[in-house]
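Next one to model:
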Amino acid sequence: MTMEEKVARINELYHKSKNEGLTEEEKNEQAALRKEYIQSFRNNIRATLENVSILEPDGSVTKPRRNTKN
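Numbering: from 1, shown residues only. Sure, this is the predicted structure:
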């Protein structure tokens, strides 16, 4: 399942939960999909930030310090 399909399913389950409620199986599926989505989002942000450089006023380029906290 692609991320786009996962987001569509998360949204589908959300709307169903508001209209008629979810079964335990659907609640578990929703939680797992949300967890995958959040992890993917974090990984994408982390990859983007790892490619950031700071141009200092003196013209030098530095990499930001990396926070190892997850």
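
Verify the contact between residue 16 and residue 26 for me.
Yes. In this structure, residue 16 is within contact of residue 26 by C-beta atoms under 8 Å, at 7.2 Å. Bear in mind the C-beta positions are built from the backbone N, C-alpha and C, glycine included.

State the distance from residue 59 to residue 3.
Using C-beta to C-beta, to the nearest Å, residue 59 is found at 39 Å from residue 3.

more neighbours, the two?
The neighbour comparison of residue 59 against residue 3 (other C-beta atoms under 10 Å) goes to residue 3, with 12 against 6.

ok, now which ones touch that one?
37, 40 (C-beta atoms under 8 Å, 6 or more residues apart in numbering).

Model confidence score at it, please.
On pLDDT, residue 3 comes in at 90.

go on, residue 66?
72.

Need the nearest residue in space to it, chain neighbours excluded.
residue 50 (7.7 Å; C-beta to C-beta, 6 or more residues apart in numbering).

Return the set of buried residues in the host helix or strand of residue 13.
Per DSSP states H and E, residue 13 falls inside helix 3-19. For helix 3-19, a neighbour-count test (16 or more other C-beta atoms under 10 Å) marks 6, 10, 13 as buried.

give the contact list for the last one.
When contacts are counted by C-beta under 8 Å, 6+ apart, residue 13 is found next to 22, 26, 29-30, 33.

now those residues in CSV, with pLDDT and distance to residue 45?
Shown next, in CSV, are the contacts of residue 13 (pLDDT from 0 to 100; distance: C-beta to C-beta, whole Å):
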residue, pLDDT, distance to residue 45
22, 95, 29
26, 96, 28
29, 96, 25
30, 96, 22
33, 97, 19
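
Looking at the residues you listed, which one is closest to residue 39?
Residue 39 lies nearest to residue 33 out of those, by C-beta to C-beta, at 10.9 Å.
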